[in-house]
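**Q** can't give you the sequence, but here's the structure:
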């Protein structure tokens, strides 16, 4: 990205999958900075919560500026430099005093898992989630981290959360169309031995985890192109979804089943939501029955146009109409 403050323009150079770079002009250029001392900070934040992208910044070139006093020391910058240099143990020492459920705590859990210390990572994750409110930002950060390709962090999260991990994976705001192949293979291998029958002993929480696991495997099979296996898991999970509590998810699963039945060319598998409440029409019914449709009289001259189609028929009809107007009414033979 190249920004020209004096011209008020920004050029963005994009290269996809190793192809030729393409330079585009952004519609909304960056506003020029105010005069005075400036500070450059490269930050990241989730812009689109249903996708994950890996971005690497190789260099930042600045022209027309002169260096001022060095900025104050930033602890996160020092840790990031250690991580980039693969100094994981040194980075963990810097993050040892990270507050619970903070961004630095999640960073420390990630580094512990990367170093192969899965038990420690799972213990720190349990400590961060213990007694945490549902609207705490740590939940969103954890969900965003789990969207990457499966790695040691996923193994540590499974040790800490158990079957509740499937509920985090099954987020209605994140479409499975964006799943990458590594995640699809992981779900199919991880849930290969999952039975379709719900657990005989267990409360509502165990039933919810089982239902989420069925939906994950069914959606993974559908992304892998196996609709014949996908419909079995989706139909089994559909019977466990309640109308009042999971209406949005029921509609989502029903659409997926309809798509699968179309691809399988099997209309008998098209689902019908029998658990949907009946629709009541409160409008007053008319006093009389519906009015009969008016009978249309066919012009006898149009019957001769049966084999004709398109413009020929239109020209013939128009020609006859003009003929009637110019020749006047026909006289009956005496």
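**A** On my side now, so go ahead. Note that the coordinates shown come from a computational prediction; the quantities given were computed from them, not determined experimentally.
**Q** worst-scoring helix or strand of the protein, pLDDT-wise?
**A** The weakest-scoring helix or strand in the chain, judged by mean pLDDT, DSSP states H and E, is helix 311-327 (a mean of 40).
**Q** quick check, residue 30 in a strand?
**A** No: secondary structure of residue 30 (DSSP: H, G, I helix; E, B strand; the rest coil): coil, not part of a strand.
**Q** Do I have it right that it meets residue 7?
**A** No: checked against Cβ atoms under 8 Å, the pair residue 30 and residue 7 is beyond contact range at 11.4 Å. Every residue, glycine included, has its C-beta placed from N, CA and C.
**Q** ok, the two, which is more surrounded?
**A** With neighbours defined as other Cβ atoms under 10 Å, residue 30 and residue 7 compare such that residue 30 has more, 13 against 9.
**Q** for the more buried one, what are its contacts?
**A** 3, 5, 10 (Cβ atoms under 8 Å, 6 or more residues apart in numbering).
**Q** if you look at those residues, which of them are in strands?
**A** For the contacts of residue 30, the ones inside strands are 3, 10, with DSSP state E as the criterion.
**Q** Buried only: go through the contacts of residue 30 for me.
**A** 3, 10 (16 or more other Cβ atoms under 10 Å).
**Q** Which of the contacts of residue 30 sits closest to residue 234?
**A** Using Cβ to Cβ, residue 10 is the member of the contacts of residue 30 that lies nearest residue 234, at 45.4 Å.
**Q** beta partners of that closest one?
**A** For residue 10, the beta-bridge partners are residue 3 (DSSP bridges).
**Q** thought residue 75 was touching residue 94?
**A** Yes: checked against Cβ under 8 Å, the pair residue 75 and residue 94 is within contact range at 6.7 Å.
**Q** Neighbour count for those two, which is higher?
**A** Using other Cβ under 10 Å as the criterion, residue 75 and residue 94 rank with residue 94 on top: 19 against 12.
**Q** which residues touch that one?
**A** Taking Cβ under 8 Å, 6+ apart, we find residue 94 in contact with 75, 78, 79, 82.
**Q** Could you report the pLDDT at it?
**A** Residue 94 is assigned a pLDDT of 93 by the prediction.
**Q** and the gap between it and residue 103?
**A** Separation of residue 94 from residue 103 (Cβ to Cβ, to the nearest Å): 14 Å.
**Q** Could you do residue 10 as well?
**A** Per Cβ to Cβ, residue 10 is found 29 Å from residue 103.
**Q** Equivalent analysis for residue 215, please.
**A** Look at residue 215 and residue 103: by Cβ to Cβ, they are 30 Å apart.
**Q** So between these two, which is more surrounded?
**A** With neighbours defined as other Cβ under 10 Å, residue 215 and residue 103 compare such that residue 215 has more, 25 against 13.
**Q** Tell me the pLDDT of that one.
**A** Among the per-residue scores, residue 215 holds a pLDDT of 94.
**Q** what do you get for the one 3 residues further on?
**A** Listed pLDDT for residue 218 reads 95.
**Q** Repeat that for residue 280.
**A** The model's pLDDT for residue 280 equals 48.
**Q** show me where pLDDT drops low in the stretch 151-300 of the chain?
**A** For the stretch 151-300 of the chain, residues meeting the criterion pLDDT under 70 lie at 172-176, 243-244, 269-300.
**Q** can you give me the helices for it?
**A** For the stretch 151-300 of the chain, applying DSSP state H, counting those that start in this stretch gives helices covering 152-161, 164-169, 181-190, 204-223, 227-238, 247-264.
**Q** From the contact counts, what lies against the shortest one?
**A** With contacts defined as 3 or more Cβ pairs under 8 Å, 6 or more residues apart in numbering; DSSP states H and E, the packing partners of helix 164-169 are helix 152-161, helix 204-223.
**Q** Recalculate using a threshold of 7 Å.
**A** If you count contacts as 3 or more Cβ pairs under 7 Å, 6 or more residues apart in numbering; DSSP states H and E, helix 164-169 packs onto helix 204-223.
**Q** who wins for most neighbours among the contacts of residue 94?
**A** That'd be residue 79 among the contacts of residue 94, by other Cβ under 10 Å, with 22 neighbours.
**Q** List the contacts of it.
**A** Under the criterion of Cβ atoms under 7 Å, 6 or more residues apart in numbering, the contact list for residue 79 reads 91, 94, 95.
**Q** how does it look with 10 Å?
**A** Applying Cβ atoms under 10 Å, 6 or more residues apart in numbering to residue 79 gives the contacts 87, 90, 91, 92, 93, 94, 95, 98, 104, 107, 108, 111.
**Q** can you check residue 229 too?
**A** 188, 217, 218, 220, 221, 222, 260 are the contacts of residue 229 under Cβ under 10 Å, 6+ apart.
**Q** shouldn't the last one be in contact with residue 223?
**A** In other words, residue 260. No: using Cβ atoms under 10 Å as the test, residue 260 is too far from residue 223 to be in contact (11.6 Å).
**Q** higher neighbour count, those two?
**A** Higher neighbour count among residue 260 and residue 223: residue 260, with 24 against 19, using other Cβ under 10 Å.
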